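1. I'd like to go over a predicted model; first the sequence, then the structure.
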Amino acid sequence: MLRSALFIAGKDVRYMLRERETVVWTFLMPIVFFYFIGTVTAGFGGGGEGREVLAVETPADAGFLADQLVPRLERQGFEVVRPATGAETARYSRRLVLPAGLTASVLSGTPVKLRFHRRGEGPGTDYDKLRVQRAAYGLLADLVLMRLAGPEAGPEALAAVAARPRPLTLEVRPAGARVEAPTGFEQAIPGTMVLFTMMLLLTSGATALMIERRLGLLRRLASAPLSRGAVVAGKWGGRMALAVVQLAFAMAAGRVLFGLDWGPSLPMVLVVLFCWAGLCASLGLLLGSLASSEAQAVGLAVPATLALAALGGCWWPIEVTPPWMQTLALFLPTGWTMDALHRLVSFRHEAVTAAPHALALAVSALAVGALAARRFRFD
């Protein structure tokens with residue numbers, strides 16, 4: 001039985017890899033999505049080691065307060081540049097425009113407005129606004145203290161106020177090795193792998209089975225001296241092999257082309273992905289037996305995959321979503337897989353923390369596989 005199942009699996013995976021669509025979605029499209037999503041979402045959650053560039057447009061008569069604002073912006077994580085003209089400032093995605101006569105207006109009590117511009121919307125924009133506000137309000141608080149101290153206003157007096165010891169300090173330490181939500185390629189590569197594996201096996205895996213049934217190839221297998229179990233196991237094994245090929249290629253491409261470090265718990269990463277591939281293979285086999293046509297199979301597979309990917313955290317870090325969505329992800333197989341991968345790859349947790357996720361995926365793969373075996377039909 002095992003030899004027959006391996007023979008069928010080998011023939012199936014070679015047949016599916018000869019299809020142009022399968023090759024494109026196995027080897028080409030993941031790389032495109034890695035680059036596009038990873039580039040767009042870099043710094044989406046406000047984390048990462050890079051410093052965002054902030055262009056500060058400074059009029060000639062802004063005064064010493066403009067110089068005092070720059071180090072406060074840098075302490076908020078910005079790399080501050082001061083272009084010479086407004087046209088040069090407009091080229092940057094983050095811009096802070098200071099009003100003319102800033103220092104004179106503030107010292108005379110005249111309200112002034114700092115204008116912050118950033119291309120795009122979302123949590124990243126709100127986070128940048130918050131950091132700019134912290135720098136500006138910190139400078140304003142030091143100005144108030146300088147006025148209360150009584151010395152003549154100037155950069156030396158303001159620097160002396162800023163150097164005073166603070167009566168109240170807040171010490172912040174991360175609870176672990178990483179506290180920011182995964183962004184960039186750390187989010188895009190695992191998320192795309194999880195998405196594409198499910199998409200490929202629920203479309204190509206299911207439709208290939210239906211084509212064989214329509215052409216009578218499964219009936220010929222039924223008439224051969226093969227047990228039903230060998231045929232079902234072989235069909236499952238072919239889809240599993242296709243998933244393994246796709247995931248292995250994606251992992252290698254992520255490391256070589258995009259420099260993703262898969263972390264110190266690589267064996268557990270492989271276990272989680274293997275269990276995920278097994279679940280997707282079982283789902284593809286089940287869908288190939290339940291759907292009545294190739295169009296119906298694709299029509300069911302694509303929306304279901306996209307919905308599970310979105311709710312499970314494949315498109316964006318689940319940490320930036322509302323609490324109800326984070327709770328929902330704990331009940332979805334895509335959520336189990338993404339949470340396990342982020343624990344191991346992004347947060348560098350111990351391998352044992354992903355064991356429940358792998359177990360849940362393995363049990364689900366066996367349950368769905370048993371149902372697929374019961375519903376498997378030759379005609």
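-> That came through, no problem. Numbering: from 1, shown residues only.
2. neighbours of the closest residue to residue 138 other than its chain neighbours, just the number please.
-> Distance criterion CB to CB, 6 or more residues apart in numbering; nearest residue to residue 138, sequence neighbours excluded, is residue 72 at 5.4 Å. Every C-beta, even on glycine, is put in place using the N, C-alpha and C of the backbone. Residues near residue 72, counting by other CB atoms under 10 Å, number 20.
3. for residue 72, give me its contacts.
-> Contact partners of residue 72, counting by CB atoms under 8 Å, 6 or more residues apart in numbering, are 134-136, 138-139.
4. next: residue 341.
-> 190, 194, 269, 272-273.
5. likewise residue 26?
-> Contacts of residue 26 (CB under 8 Å, 6+ apart): 17, 196, 200, 242, 245-246, 249.
6. dump those into a markdown table; add pLDDT as well.
-> Shown next, in a markdown table, are the contacts of residue 26 (pLDDT from 0 to 100):
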| residue | pLDDT |
| --- | --- |
| 17 | 84 |
| 196 | 93 |
| 200 | 90 |
| 242 | 92 |
| 245 | 93 |
| 246 | 93 |
| 249 | 94 |
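7. mind picking the two most distant members of the residues you listed?
-> Farthest pair in the contacts of residue 26 (CB to CB) is 17 and 196. Separation: 14.9 Å.
8. give me the more crowded residue out of those two.
-> residue 196 (23 against 16).
9. what's the helix or strand for the more buried one?
-> Using DSSP states H and E, residue 196 falls within helix 185-214.
10. next, the nearest residue in space to residue 328 that is not next to it in sequence: phi, psi?
-> With CB to CB, 6+ apart as the criterion, residue 328 has its nearest non-adjacent residue at 5.8 Å, and that residue is residue 311. The phi and psi torsions at residue 311 (degrees, to the nearest 10) take the values phi -70, psi -20.
11. domain ranges for the protein?
-> Using automatic domain parsing, the domain parsing of the chain gives 2-43+183-375, 52-162.
12. let me see the contact set for residue 88.
-> residue 55.
13. buried set for the helix or strand encompassing it?
-> Assigned by DSSP H and E, residue 88 falls within helix 86-89. For helix 86-89, burial by neighbour count (16 or more other CB atoms under 10 Å) applies to residue 89.
14. could you tell me how far that helix lies from the centre of the chain?
-> 33 Å (CA atoms, centre = their mean, to the nearest Å).
15. what's the answer for stretch 75-84, then?
-> 27 Å.
16. surely residue 80 meets residue 52?
-> No: the criterion here is CB atoms under 8 Å, and residue 80 misses it with residue 52 at 10.1 Å.
17. report pLDDT for residue 49.
-> pLDDT recorded at residue 49 is 41.
18. cool, the one 4 residues further on as well?
-> Residue 53 is assigned a predicted lDDT (pLDDT) of 88.
19. could you give the bridge partners of it?
-> Beta-bridge partners recorded for residue 53 (DSSP bridges): residue 79.
20. what is the neighbour count of it?
-> 13.
21. list the contacts of residue 358.
-> Counting by CB under 8 Å, 6+ apart, residue 358 has contacts 268, 271-272, 275, 340.
22. list only buried entries from those.
-> Applying 16+ other CB under 10 Å to the contacts of residue 358 flags 268, 271-272, 275, 340 as buried.
23. which one is the residue nearest in space to the middle of the chain nearest to, not counting chain neighbours?
-> Taking CA atoms, centre = their mean, the centroid of the chain lies closest to residue 187, which sits 2.4 Å from it. Closest residue in space to residue 187, ignoring its immediate chain neighbours: residue 317 at 5.5 Å, by CB to CB, 6+ apart.
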